[in-house]
Structures are given as C-alpha cells and as structure tokens.
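Peer 1: When you get a sec, could you give me coordinates for this:
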Amino acid sequence: MPRKTNTDKSDRRGGRRTRSSTGESRSRPRPKVDFTVDALDFKNSTLLRQFVTDQGRLLPRKYTGLPAHYQRKLGQVTKRARQMLLMK
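Peer 2: Numbering: from 1, shown residues only. I've put the predicted structure just below:
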C-alpha cells in the first residue's frame, strides 16, 4: 500500500518558522576588513578596542566578521596588549 504524503501546506501544524517568515530581515553588521595583519599590533589600541567588549572580552568571529587567521592574531595581540597594560 502506498504511503500518504501530505503536500497541502495549509494542513501543516507546528512547523518550524524560518527567519524570513518571522519578519526579521536584519543581518549582522559586518565590518570591512580594510587593514592588514601587520596593522594588528599590540600598540594599536584604538583598533583593538573595536573588537573588545566593555568588560574586556574578545568578540567572536560571527560578530566581528574577520577571517580565521585575523581572529587568531587578534587574540594574541589583545593578550599582549593586556600584559603591557595598554588595554583593560
């Protein structure tokens, strides 16, 4: 006996709603990566403050939008700046 397949969408109950159906069309702000890895220096505290929260934590990659090797370098440089007491 063949299975019954329900192709009528009006009869569907409790399905998952996608982001577009909930009305949220906001995307995360992505910064332009207009600097090189060489510009990521522990002495450049104004650049580093853009990627650190008020509490001093690094923002994750999904919020910064940086490539992976930039994000790793950012972690190293931030730790070095904290050691030199240039950052919180």
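
Peer 1: mind checking pLDDT for the closest residue to residue 59 other than its chain neighbours?
Peer 2: Nearest non-adjacent residue to residue 59, counting by C-beta to C-beta, 6 or more residues apart in numbering: residue 51, 5.3 Å away. Yep, even glycine has a C-beta here, placed from its N, CA and C like the rest. Confidence at residue 51, expressed as pLDDT, is 92.

Peer 1: let's number from 37 now, not from 1
Peer 2: With 37 as the first residue, the last one maps to residue 87.

Peer 1: got a list of what residue 87 touches?
Peer 2: 94, 95, 100, 102, 110, 114 (C-beta atoms under 8 Å, 6 or more residues apart in numbering).

Peer 1: any weak-confidence spans in the protein?
Peer 2: Applying pLDDT under 70 to the chain picks out residues 37, 43-69.

Peer 1: ok, 80 please
Peer 2: 37-71, 124 (pLDDT under 80).

Peer 1: longest helix anywhere in it?
Peer 2: Longest helix in the chain by number of residues (criterion: DSSP state H): helix 104-119.

Peer 1: residues of that helix that come out buried?
Peer 2: For helix 104-119, burial by neighbour count (16 or more other C-beta atoms under 10 Å) applies to 106, 107, 109, 110, 113, 114, 117.

Peer 1: any idea which of those is the one closest to residue 41?
Peer 2: residue 107 (45.4 Å; C-beta to C-beta).

Peer 1: quick one: the closest residue to the closest one other than its chain neighbours from residue 85, how far?
Peer 2: Nearest residue to residue 107 in three dimensions, chain neighbours excluded: residue 97, at 4.9 Å (C-beta to C-beta, 6+ apart). From residue 97 over to residue 85 the distance is 18 Å, taken as C-beta to C-beta, to the nearest Å.

Peer 1: How are the helices of the protein distributed by residue range?
Peer 2: Going by DSSP H, the chain shows helices at 81-84, 97-100, 104-119.
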